[in-house]
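Engineer: return atomic coordinates for the entry below.
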Amino acid sequence: MLSALKRQRLRLESLTRWMSNLPKITTHYTIHPRDKDTRWKDVSMERVGDEADVVIVGGGPAGLSAAIRLKQLAAEKGQEIRVCVIEKSSEVGGHILSGAVLQPTALDELIPDWKEKGAPLNTPVTEDVIALLTKTSRIPIPIPPGFPLNNHGNYIVRLGHVVRWLGEQAEAMGVEIYPGYAAAEILYDSDGSVKGVATNDVGIAKDGSPKESFERGMEFHTRVTIFAEGCHGHLTKGLVKKFNLREKAEPQSYGIGLKELWEIPIEKHRPGRVEHTVGWPLDRNTYGGSFLYHLKDDTPLVAVGFVVGLDYTNPYLSPFREFQRFKHHPSIAATLTGGKRIAYGARALNEGGFQSIPKLTFPGGCLIGCGAGLLNVPKIKGTHNAMKSGMLAAESIFESLTDSSKERIEPLSYGEKLQNSFVWKELKAVRNCRPSFHNPLGLYGGLAYSGFFFGVLRGIEPWTLSHGKPDHTRLKKMNEVTPIEYPKPDGVLSFDLLSSVALTGTNHEDNQPPHLTLLDDSVPVNLNLKEYDGPEGRFCPAGVYEFVPLESGSGERLQINAQNCIHCKTCDIKDTTQNIKWVTPEGGGGPAYNGM
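Structural biologist: Predicted structure coming up:
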């Protein structure tokens, strides 16, 4: 017995010595509280505050649509209300990435004269093509009228430019937009209701200590806060947990979308052409597909992109490298050869749809847009739903703003309004398309199911399929799978990761704590590397995570290159132990997309 205890003690001592050799990775105050750090003992933590009638977190399509609708309603009633939008990008639209084919339904309602006001919807869809790819061939798939990928009446857009234009419309109506300020903390009242948000502190060194330039963030107090952070917002995560908003909803399911912009030879350019593919290079059990959109722009421009469902199981899969080899398919290479890549980016997207919509309201606020999970997956569109949700939330909130007896507003009628809108109707109709791909035939079974039950019956089946377990639980261990060998990039059609990240314009203040935080610094090596061969180095599309040799020459450690982060949120979603927690960096940091 004593011998066994002695052996156990020796093992613990050995592990402690080994762990002491690992450098500290996480220094962020959300993991290591400052009230326990003597370096912060004499630093004032008071914050300046401001008040507004409505505060909106996120200046994307949903948030700006909510702001515009609120101002429209106030103008109709002859009232003055203060609406503030807090946006973490240094410029409105700078963090926006989408395909994108825009269905103008909500825009027609919000700003009926958008054409006269110069909205950048310059490329009406003229041609729709979808195909199943094998390694060397292409099999056309028909697109019947009314099918989700029938894009008649839609527009190919650079969504970041559309969002910038929406911001201009909002400011012209008196909306206050604060770009370059990241909402970092939710503020709660004594009764537990949300009373606003605080922006992030600045002037913190990489080791977590205060710089001489340290300044506290600013508090925004309000009667109602609208959270429009986009897919997998870090504040939205906290709200879902605190108010148990998923009590009656399935876990959200996700994908990662990677995109490039290419200038191609003019003789290959077909403005208005929309192409989608499924199949190769993914196997039949990995959900995903591609898009190729021909834009009418100053130069012959195409947007090419690739989406991979984050419920994939092989830890050796790299969404970025799947995208790169996809471009070598003969039918894709034919378009891109002779062209030049000018931009790159990536972003997570919601794929849960109808089953995964959480409760949308709580005391003091609500969720809208992709933060609420309103993407229509078979359509590969969510902007119209996001905008409509923002408009409906604004209408619900405005109904209560005149009631001064309520210090905080929970816009309860918003959920009912959404259920009576086209958003709910279309998401319910396609609810079984995405989960139908979880079958023994994978892609082929999903296509057959979706083709019949939506293509023929329009989603009237009386059952609802489940997405199953969360994405982060699906990875198999490395000894259960076959590693994937990817071809080297040729520098013509396919490229390496770092040269791709250079095209995002991403930038972060170097001397700040990494905003990719770890709940436990030991997990990446002890579990992820040991059992899954370090999947974070592959699921990240920006080279943020890499395992490097220890300085002692014995073993490896995780290195986080936070300056590379393009704010896609994939790591926070796919990390198998949910050990990675994405938080906001200093305001203004991140990618600098130009119309992505």
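
Engineer: for the rest of this, base every contact and every neighbour count on C-alpha atoms.
Structural biologist: Will do.

Engineer: ok, what's across the strand from Thr225?
Structural biologist: Val55, Gly365 (DSSP bridges).

Engineer: surely it meets Val54?
Structural biologist: Yes: the pair Thr225 / Val54 is scored as a contact, 6.0 Å apart, by C-alpha atoms under 8 Å.

Engineer: higher neighbour count, the two?
Structural biologist: Taking other C-alpha atoms under 10 Å, Thr225 and Val54 do not tie; Thr225 has more neighbours (31 against 26).

Engineer: how close does the more buried one sit to His232?
Structural biologist: Per C-alpha to C-alpha, to the nearest Å, Thr225 is found 17 Å from His232.

Engineer: one more: Trp424?
Structural biologist: 20 Å.

Engineer: repeat for Val43
Structural biologist: For Val43, the distance to His232 (C-alpha to C-alpha) stands at 33 Å.

Engineer: ok, the nearest residue to Pro124 once chain neighbours are set aside - contacts?
Structural biologist: Computed as C-alpha to C-alpha, 6 or more residues apart in numbering, the closest residue to Pro124 that is not its neighbour in sequence is Tyr155, at 4.3 Å. Shown in contact with Tyr155 (C-alpha atoms under 8 Å, 6 or more residues apart in numbering): 101-104, 121-125, 272.

Engineer: now Glu260
Structural biologist: Counted by C-alpha under 8 Å, 6+ apart, Glu260 has contacts 303-305, 341-345.

Engineer: run a quick neighbour tally on Pro319.
Structural biologist: Using other C-alpha under 10 Å, Pro319 has 23 other residues around it.

Engineer: give me phi/psi at it?
Structural biologist: Main-chain dihedrals, Pro319, degrees, to the nearest 10: phi -50, psi -40.

Engineer: pLDDT wise, what is it at?
Structural biologist: Among the per-residue scores, Pro319 holds a pLDDT of 98.

Engineer: these two touch, right, it and Pro541?
Structural biologist: Yes: the pair Pro319 / Pro541 is scored as a contact, 7.2 Å apart, by C-alpha under 8 Å.

Engineer: who touches Lys327 in this structure?
Structural biologist: If you count contacts by C-alpha under 8 Å, 6+ apart, then Lys327 has 333, 336, 493-494 around it.

Engineer: from the residues you listed, pick the one nearest Gly49.
Structural biologist: Of all the contacts of Lys327, Ser494 has the smallest distance to Gly49: 49.1 Å, by C-alpha to C-alpha.

Engineer: so Trp424 touches Leu418, yeah?
Structural biologist: Yes: with contacts defined as C-alpha under 8 Å, Trp424 counts as touching Leu418 at a distance of 6.3 Å.

Engineer: who has more neighbours, those two?
Structural biologist: Higher neighbour count among Trp424 and Leu418: Leu418, with 20 against 16, using other C-alpha under 10 Å.

Engineer: so that one: helix, strand or coil?
Structural biologist: helix (DSSP: H, G, I helix; E, B strand; the rest coil).

Engineer: tell me the pLDDT of it.
Structural biologist: 98.

Engineer: I figured it hits Leu392, correct?
Structural biologist: Yes: with contact defined as C-alpha under 8 Å, Leu418 reaches Leu392; the gap is 6.8 Å.

Engineer: tell me where the model's unsure across the protein.
Structural biologist: Residues of the chain meeting the criterion pLDDT under 70: 1-22.

Engineer: now with 90, please.
Structural biologist: 1-24, 142-150, 402-407, 444, 447-460, 551-555, 586-588 (pLDDT under 90).

Engineer: does Gly415 touch Ile357 like I think?
Structural biologist: No: using C-alpha under 8 Å, Gly415 is not in contact with Ile357; the gap is 10.6 Å.

Engineer: so those two - more neighbours on which side?
Structural biologist: Per other C-alpha under 10 Å, whichever of Gly415 and Ile357 has more neighbours is Ile357, with 20 against 17.

Engineer: number of nearby residues for Phe444?
Structural biologist: Wrong residue type there; residue 444 is Tyr, not Phe. 16.

Engineer: sorry, wrong one. I was asking about Arg325.
Structural biologist: So Arg325, with other C-alpha under 10 Å, has 19 neighbours.

Engineer: quick one: it is in a strand?
Structural biologist: No: under three-state DSSP, Arg325 sits outside any strand and is assigned helix.

Engineer: what's the nearest residue to it if we skip its chain neighbours?
Structural biologist: Per C-alpha to C-alpha, 6+ apart, closest to Arg325 is Ser494, 6.7 Å.

Engineer: quick one: contacts for the one you found?
Structural biologist: Applying C-alpha under 8 Å, 6+ apart, the residues contacting Ser494 are 324-325, 327-328.
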